[in-house]
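K.L.:
Sequence first, then the predicted structure, then my questions.
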Amino acid sequence: MKILRIISLTGLMALVAATAFAQASKVGFVNPQRIINESKIGRVAQQDLARLGKEKDRRVRKALAKVEGFQATLKKDVLSVTEQQNAEEQLRIAVRDYEKLVENSNLEIQSEERRLIQFVMRRADSFLRKIAGEMGFTMILTDPEIIGFVDSSMDITDRVISELNAAL
């Protein structure tokens, strides 16, 4: 009987503590994608990424033109057996190089995108922390995919963007 009382009392204390903690907590929200899209530094980062993407696209198109050139050579009926085999081998190599280039280009662009997002968010972090402290937030959520509703008073994205822009 005494053990049951102790367990009940412990459970009640845990419930009271959890309720008090929940009341003391204030959760805010910031949308990283908006910071990237709407801040000056985010737009510069996107422009850098776009330049990289254009360069990668130029290289991929050049490799594709090489593949198409070998394909056109193979369509000619005037090739000897040796020339045909040589052209087929060159086509296989060109296709393999093209596919590898496409894959590597995509990976490099994705990596650069992650790096730029991290750079921008690191720059925004000091403003985010300052604003969160001023507004009394104990936690800031950053993933809009997992949040169903955010009260506008809890969304500090606009303020982070304006302070980030003012710092540049």
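P.N.:
Great, that's in hand. Numbers count the residues shown, from 1 in each chain.

K.L.:
Excluding chain neighbours, what is closest to residue 144?
P.N.:
The shortest distance from residue 144 to any non-neighbouring residue, by Cβ to Cβ, 6 or more residues apart in numbering, is to residue 31 (5.4 Å). Backbone N, C-alpha and C define where each C-beta goes, glycine included.

K.L.:
so that neighbour sits right up against residue 157, yeah?
P.N.:
Yes. Residue 31 is in contact with residue 157 according to Cβ atoms under 8 Å; the separation is 4.6 Å.

K.L.:
all helices of the chain, in order?
P.N.:
Taking DSSP state H, the helices of the chain run over residues 2-24, 32-38, 40-75, 81-135, 157-167.

K.L.:
about what we covered before: backbone torsions only: list them for the residue nearest to residue 144.
P.N.:
Main-chain dihedrals, residue 31, degrees, to the nearest 10: phi -100, psi 100.

K.L.:
got the buried residues for stretch 56-64?
P.N.:
Across stretch 56-64, burial judged by 16 or more other Cβ atoms under 10 Å covers 56, 60, 63.

K.L.:
Thanks a lot, catch you later.
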